[in-house]
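Asks: coords below, sequence missing:
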(Lines give C-alpha, C1' and ligand atoms only; values in the text may rest on other atoms or scores of the structure.)
Protein backbone atom coordinates (compact mmCIF):
# COMPACT_ATOMS: atom_id res chain seq x y z
CA UNK A 1 0.00 0.00 0.00
CA UNK A 2 1.23 3.51 -0.85
CA UNK A 3 2.09 5.89 1.96
CA UNK A 4 -0.80 8.06 3.14
CA UNK A 5 -1.15 11.52 1.63
CA UNK A 6 -1.95 12.80 5.11
CA UNK A 7 -1.41 11.13 8.48
CA UNK A 8 -2.65 12.71 11.70
CA UNK A 9 -1.44 11.52 15.09
CA UNK A 10 -2.58 12.64 18.55
CA UNK A 11 -3.79 15.99 17.25
CA UNK A 12 -5.23 18.40 19.77
CA UNK A 13 -6.37 22.04 19.65
CA UNK A 14 -6.52 24.27 22.72
CA UNK A 15 -8.05 27.72 22.92
CA UNK A 16 -6.82 30.15 25.59
CA UNK A 17 -8.04 33.58 26.65
CA UNK A 18 -8.11 35.65 29.84
CA UNK A 19 -10.64 33.21 31.34
CA UNK A 20 -8.37 30.21 30.92
CA UNK A 21 -7.84 27.39 28.44
CA UNK A 22 -10.22 24.83 26.98
CA UNK A 23 -9.58 21.81 24.76
CA UNK A 24 -11.65 22.03 21.58
CA UNK A 25 -10.22 19.05 19.68
CA UNK A 26 -8.65 16.02 21.38
CA UNK A 27 -6.93 12.73 20.48
CA UNK A 28 -7.40 12.88 16.71
CA UNK A 29 -5.84 10.02 14.71
CA UNK A 30 -6.58 9.19 11.07
CA UNK A 31 -4.96 8.98 7.63
CA UNK A 32 -6.02 9.86 4.09
CA UNK A 33 -4.82 7.55 1.32
CA UNK A 34 -3.86 8.59 -2.24
CA UNK A 35 -6.94 9.14 -4.41
CA UNK A 36 -9.29 8.74 -1.45
CA UNK A 37 -12.27 10.82 -0.34
CA UNK A 38 -12.20 10.81 3.45
CA UNK A 39 -15.40 12.30 4.87
CA UNK A 40 -15.50 13.89 8.30
CA UNK A 41 -19.12 14.07 9.47
CA UNK A 42 -20.95 15.34 12.52
CA UNK A 43 -23.25 18.07 13.74
CA UNK A 44 -22.38 21.74 14.06
CA UNK A 45 -20.18 22.29 17.08
CA UNK A 46 -18.45 18.93 16.87
CA UNK A 47 -15.08 20.46 15.95
CA UNK A 48 -14.88 19.55 12.26
CA UNK A 49 -13.83 22.98 10.96
CA UNK A 50 -11.41 23.57 13.84
CA UNK A 51 -9.78 20.25 12.99
CA UNK A 52 -9.51 21.23 9.32
CA UNK A 53 -7.90 24.58 10.15
CA UNK A 54 -5.46 22.99 12.58
CA UNK A 55 -3.95 20.68 9.94
CA UNK A 56 -1.94 23.58 8.47
CA UNK A 57 -2.17 25.88 11.53
CA UNK A 58 -4.61 28.08 9.66
CA UNK A 59 -5.33 30.38 12.61
CA UNK A 60 -4.70 34.11 12.68
CA UNK A 61 -1.82 35.35 14.85
CA UNK A 62 -2.70 35.86 18.50
CA UNK A 63 -6.01 34.08 17.97
CA UNK A 64 -5.53 32.04 21.14
CA UNK A 65 -5.42 28.67 19.37
CA UNK A 66 -2.55 26.24 19.94
CA UNK A 67 -2.14 22.98 18.02
CA UNK A 68 -0.30 19.89 19.26
CA UNK A 69 0.44 16.46 17.82
CA UNK A 70 1.70 15.50 14.39
CA UNK A 71 0.40 16.11 10.87
CA UNK A 72 2.56 14.27 8.33
CA UNK A 73 2.40 15.37 4.70
CA UNK A 74 5.02 14.46 2.08
CA UNK A 75 7.39 13.31 4.78
CA UNK A 76 7.19 16.49 6.87
CA UNK A 77 5.35 17.36 10.06
CA UNK A 78 3.35 20.43 9.04
CA UNK A 79 3.05 21.57 12.64
CA UNK A 80 6.82 22.05 12.80
CA UNK A 81 7.13 24.16 9.64
CA UNK A 82 7.56 27.91 9.80
CA UNK A 83 4.87 30.16 8.35
CA UNK A 84 6.72 30.73 5.06
CA UNK A 85 6.96 27.01 4.33
CA UNK A 86 3.39 26.42 5.46
CA UNK A 87 2.19 29.14 3.10
CA UNK A 88 3.90 27.33 0.23
CA UNK A 89 2.10 24.12 1.17
CA UNK A 90 -1.27 25.89 1.34
CA UNK A 91 -0.54 27.64 -1.94
CA UNK A 92 -0.02 24.58 -4.09
CA UNK A 93 -0.12 21.25 -2.21
CA UNK A 94 -3.11 21.52 0.15
CA UNK A 95 -5.96 23.74 -0.98
CA UNK A 96 -8.98 24.69 1.13
CA UNK A 97 -12.54 25.29 0.02
CA UNK A 98 -14.20 27.23 2.83
CA UNK A 99 -17.83 27.68 3.86
CA UNK A 100 -17.77 31.50 3.78
CA UNK A 101 -16.05 32.79 0.63
CA UNK A 102 -16.80 36.43 1.48
CA UNK A 103 -14.49 36.07 4.48
CA UNK A 104 -11.71 34.45 2.45
CA UNK A 105 -11.45 36.46 -0.76
CA UNK A 106 -9.61 39.78 -0.49
CA UNK A 107 -12.03 42.68 -1.12
CA UNK A 108 -9.39 44.92 -2.74
CA UNK A 109 -8.39 42.55 -5.56
CA UNK A 110 -10.31 41.52 -8.64
CA UNK A 111 -11.15 37.83 -9.00
CA UNK A 112 -8.67 37.40 -11.87
CA UNK A 113 -5.82 38.57 -9.66
CA UNK A 114 -6.84 36.32 -6.77
CA UNK A 115 -7.24 33.38 -9.12
CA UNK A 116 -3.53 33.58 -9.93
CA UNK A 117 -2.39 33.62 -6.26
CA UNK A 118 -2.30 29.82 -5.80
CA UNK A 119 -0.22 29.42 -8.95
CA UNK A 120 2.39 32.14 -8.49
CA UNK A 121 5.77 31.18 -7.10
CA UNK A 122 4.64 27.69 -6.19
CA UNK A 123 5.99 25.63 -9.04
CA UNK A 124 2.40 25.02 -10.13
CA UNK A 125 1.26 26.92 -13.17
CA UNK A 126 -1.80 26.64 -15.31
CA UNK A 127 0.43 25.50 -18.15
CA UNK A 128 2.00 22.78 -16.03
CA UNK A 129 -1.09 21.40 -14.35
CA UNK A 130 -4.23 22.42 -16.20
CA UNK A 131 -5.10 22.77 -19.87
CA UNK A 132 -7.94 25.14 -18.99
CA UNK A 133 -7.77 28.92 -18.96
CA UNK A 134 -9.28 30.72 -15.95
CA UNK A 135 -12.52 31.37 -17.81
CA UNK A 136 -12.78 27.69 -18.76
CA UNK A 137 -12.31 26.52 -15.17
CA UNK A 138 -14.92 29.01 -13.99
CA UNK A 139 -17.23 27.65 -16.66
CA UNK A 140 -16.68 24.10 -15.44
CA UNK A 141 -18.12 25.05 -12.03
CA UNK A 142 -21.25 26.62 -13.50
CA UNK A 143 -20.25 30.26 -14.05
CA UNK A 144 -21.54 31.44 -17.43
CA UNK A 145 -20.34 35.07 -17.50
CA UNK A 146 -16.70 34.14 -16.85
CA UNK A 147 -15.04 37.31 -18.20
CA UNK A 148 -17.33 39.54 -16.18
CA UNK A 149 -16.68 37.54 -13.01
CA UNK A 150 -12.92 37.68 -13.56
CA UNK A 151 -13.10 41.48 -13.81
CA UNK A 152 -15.24 41.78 -10.68
CA UNK A 153 -14.40 42.46 -7.05
CA UNK A 154 -15.81 40.02 -4.46
CA UNK A 155 -18.45 42.45 -3.18
CA UNK A 156 -19.93 42.67 -6.67
CA UNK A 157 -20.76 38.95 -6.77
CA UNK A 158 -23.37 36.79 -5.05
CA UNK A 159 -22.45 34.29 -2.35
CA UNK A 160 -23.15 31.38 -4.68
CA UNK A 161 -20.87 32.77 -7.38
CA UNK A 162 -18.12 33.42 -4.83
CA UNK A 163 -18.38 29.82 -3.64
CA UNK A 164 -17.95 28.61 -7.20
CA UNK A 165 -14.96 30.91 -7.60
CA UNK A 166 -13.33 29.38 -4.50
CA UNK A 167 -13.85 25.88 -5.86
CA UNK A 168 -12.37 26.88 -9.23
CA UNK A 169 -9.34 28.43 -7.52
CA UNK A 170 -8.73 25.27 -5.51
CA UNK A 171 -9.03 23.02 -8.56
CA UNK A 172 -6.75 25.22 -10.68
CA UNK A 173 -3.79 24.56 -8.39
CA UNK A 174 -4.06 20.78 -8.90
CA UNK A 175 -3.21 20.11 -5.24
CA UNK A 176 -2.41 16.72 -3.73
CA UNK A 177 -5.10 17.30 -1.12
CA UNK A 178 -8.28 19.35 -1.15
CA UNK A 179 -9.84 20.14 2.23
CA UNK A 180 -13.46 20.92 1.41
CA UNK A 181 -15.34 22.37 4.40
CA UNK A 182 -19.04 22.25 3.49
CA UNK A 183 -17.99 23.27 -0.04
CA UNK A 184 -21.51 23.79 -1.41
CA UNK A 185 -23.09 25.54 1.57
CA UNK A 186 -23.56 28.81 -0.35
CA UNK A 187 -25.09 27.45 -3.56
CA UNK A 188 -28.59 26.37 -4.52
CA UNK A 189 -29.48 22.70 -4.22
CA UNK A 190 -29.57 21.96 -7.97
CA UNK A 191 -25.94 23.11 -8.31
CA UNK A 192 -24.57 21.31 -5.25
CA UNK A 193 -23.99 17.95 -6.87
CA UNK A 194 -22.68 19.51 -10.08
CA UNK A 195 -19.94 21.18 -8.04
CA UNK A 196 -19.24 18.10 -5.94
CA UNK A 197 -19.07 16.00 -9.11
CA UNK A 198 -16.54 18.46 -10.51
CA UNK A 199 -14.35 18.21 -7.40
CA UNK A 200 -14.59 14.44 -7.54
CA UNK A 201 -13.68 14.31 -11.24
CA UNK A 202 -10.59 16.46 -10.70
CA UNK A 203 -9.60 14.13 -7.87
CA UNK A 204 -9.92 11.14 -10.18
CA UNK A 205 -8.07 12.82 -13.03
CA UNK A 206 -5.22 14.09 -10.89
CA UNK A 207 -4.95 11.19 -8.43
CA UNK A 208 -5.34 13.65 -5.58
CA UNK A 209 -7.29 13.17 -2.35
CA UNK A 210 -10.15 14.99 -0.66
CA UNK A 211 -10.88 15.57 3.01
CA UNK A 212 -14.61 16.29 2.81
CA UNK A 213 -16.20 17.94 5.82
CA UNK A 214 -19.99 17.77 5.89
CA UNK A 215 -23.03 17.41 8.10
CA UNK A 216 -24.95 15.87 5.20
CA UNK A 217 -24.83 12.08 5.25
CA UNK A 218 -26.31 11.88 1.77
CA UNK A 219 -23.26 13.74 0.43
CA UNK A 220 -20.93 11.48 2.42
CA UNK A 221 -22.73 8.38 1.16
CA UNK A 222 -22.41 9.48 -2.46
CA UNK A 223 -18.75 10.60 -2.51
CA UNK A 224 -16.77 9.17 0.41
CA UNK A 225 -14.56 6.10 0.56
CA UNK A 226 -14.00 6.34 4.32
CA UNK A 227 -16.16 7.91 7.02
CA UNK A 228 -15.01 9.43 10.30
CA UNK A 229 -17.64 10.63 12.78
CA UNK A 230 -16.84 13.53 15.12
CA UNK A 231 -18.57 14.30 18.39
CA UNK A 232 -17.50 16.84 21.02
CA UNK A 233 -14.07 17.31 19.47
CA UNK A 234 -13.30 13.58 19.24
CA UNK A 235 -13.48 11.06 16.43
CA UNK A 236 -15.87 8.38 17.69
CA UNK A 237 -15.88 6.04 14.69
CA UNK A 238 -13.90 5.39 11.49
CA UNK A 239 -15.14 2.91 8.89
CA UNK A 240 -15.34 2.24 5.14
CA UNK A 241 -18.43 3.88 3.71
CA UNK A 242 -20.35 0.72 2.89
CA UNK A 243 -19.74 -0.81 6.31
CA UNK A 244 -20.62 2.41 8.07
CA UNK A 245 -24.00 2.90 6.47
CA UNK A 246 -24.85 -0.79 6.73
CA UNK A 247 -23.91 -1.15 10.40
CA UNK A 248 -22.68 1.90 12.32
CA UNK A 249 -21.10 0.92 15.63
CA UNK A 250 -20.94 3.94 17.93
CA UNK A 251 -24.26 4.92 19.55
CA UNK A 252 -23.95 8.45 18.16
CA UNK A 253 -23.29 7.15 14.65
CA UNK A 254 -26.27 4.83 14.96
CA UNK A 255 -28.46 7.79 15.98
CA UNK A 256 -27.36 9.78 12.94
CA UNK A 257 -28.02 7.00 10.45
CA UNK A 258 -31.23 5.65 11.98
CA UNK A 259 -32.60 9.18 12.34
CA UNK A 260 -33.10 9.44 8.55
CA UNK A 261 -30.23 11.89 8.38
CA UNK A 262 -29.69 10.72 4.81
CA UNK A 263 -32.96 12.34 3.81
CA UNK A 264 -32.90 15.46 5.94
CA UNK A 265 -30.67 18.19 7.33
CA UNK A 266 -32.37 17.69 10.71
CA UNK A 267 -30.16 15.74 13.10
CA UNK A 268 -31.42 13.78 16.10
CA UNK A 269 -31.37 15.46 19.50
CA UNK A 270 -27.73 14.64 20.18
CA UNK A 271 -26.08 18.05 19.79
CA UNK A 272 -22.54 18.00 21.23
CA UNK A 273 -21.85 19.93 24.45
CA UNK A 274 -19.94 23.21 24.35
CA UNK A 275 -16.17 22.75 24.83
CA UNK A 276 -16.34 24.80 28.03
CA UNK A 277 -18.95 22.48 29.53
CA UNK A 278 -17.76 18.97 28.72
CA UNK A 279 -19.01 16.14 30.94
CA UNK A 280 -16.56 13.79 32.61
CA UNK A 281 -15.91 10.40 31.08
CA UNK A 282 -17.43 9.68 27.68
CA UNK A 283 -18.68 12.94 26.20
CA UNK A 284 -21.73 11.21 24.73
CA UNK A 285 -22.87 9.45 27.91
CA UNK A 286 -25.48 12.05 29.03
CA UNK A 287 -27.64 11.22 25.97
CA UNK A 288 -26.53 7.62 25.35
CA UNK A 289 -28.96 4.75 25.91
CA UNK A 290 -26.06 2.32 26.39
CA UNK A 291 -24.22 4.34 29.04
CA UNK A 292 -22.84 2.40 32.01
CA UNK A 293 -21.42 3.73 35.27
CA UNK A 294 -17.88 3.59 33.88
CA UNK A 295 -18.92 5.87 31.02
CA UNK A 296 -19.50 8.68 33.52
CA UNK A 297 -15.93 8.56 34.84
CA UNK A 298 -13.61 7.09 32.17
CA UNK A 299 -13.24 8.44 28.67
CA UNK A 300 -12.95 5.55 26.17
CA UNK A 301 -10.18 5.35 23.58
CA UNK A 302 -10.57 4.90 19.84
CA UNK A 303 -9.76 1.21 19.30
CA UNK A 304 -9.64 -1.14 16.31
CA UNK A 305 -12.52 -3.61 16.11
CA UNK A 306 -11.56 -4.76 12.60
CA UNK A 307 -8.70 -4.17 10.18
CA UNK A 308 -10.20 -0.91 8.93
CA UNK A 309 -12.78 -0.06 11.60
CA UNK A 310 -12.32 1.89 14.82
CA UNK A 311 -14.80 2.93 17.49
CA UNK A 312 -14.66 4.93 20.71
CA UNK A 313 -17.06 2.85 22.79
CA UNK A 314 -16.52 -0.37 24.80
CA UNK A 315 -20.24 -1.19 24.59
CA UNK A 316 -20.73 -0.91 20.83
CA UNK A 317 -21.84 -4.53 20.37
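Replies: Nice, I can see it. Nothing here was measured: the structure is a model prediction, and the numbers come from that model.

Asks: residues contacting the residue nearest in space to the middle of the chain?
Replies: Nearest to the geometric centre of the chain sits residue 213, at 3.6 Å (C-alpha atoms, centre = their mean). If you count contacts by C-beta atoms under 8 Å, 6 or more residues apart in numbering, residue 213 has them with 39, 40, 41, 48, 49, 52, 179, 180, 181, 182. C-beta: built from backbone N, CA, C; applies to glycine.

Asks: Residues in a beta bridge with it, which ones?
Replies: residue 40, residue 181 (DSSP bridges).

Asks: Relative to residue 109, how far out is it?
Replies: According to C-beta to C-beta, to the nearest Å, residue 213 and residue 109 sit 27 Å apart.

Asks: Then residue 217?
Replies: In terms of C-beta to C-beta, residue 217 sits 37 Å off from residue 109.

Asks: When these two are compared, which one has more neighbours?
Replies: Between residue 217 and residue 109, counting by other C-beta atoms under 10 Å, residue 217 is the more crowded of the two (26 against 14).

Asks: That one touches residue 255, doesn't it?
Replies: No - Residue 217 is beyond contact range of residue 255, at 11.6 Å (criterion: C-beta atoms under 8 Å).

Asks: Tell me the one of the contacts of residue 213 nearest residue 92?
Replies: Nearest to residue 92 out of the contacts of residue 213 is residue 179 (C-beta to C-beta; 13.8 Å).

Asks: which phi and psi does the closest one have?
Replies: Phi and psi for residue 179, reported as degrees, to the nearest 10, are phi -100, psi 110.

Asks: same thing with the one 3 residues further on?
Replies: According to degrees, to the nearest 10, the main-chain angles of residue 182 amount to phi 50, psi 60.

Asks: Was I right to think it contacts residue 219?
Replies: No - Residue 182 is beyond contact range of residue 219, at 9.2 Å (criterion: C-beta under 8 Å).

Asks: Around residue 133, how many other residues sit close by?
Replies: Neighbours of residue 133 (other C-beta under 10 Å): 13.
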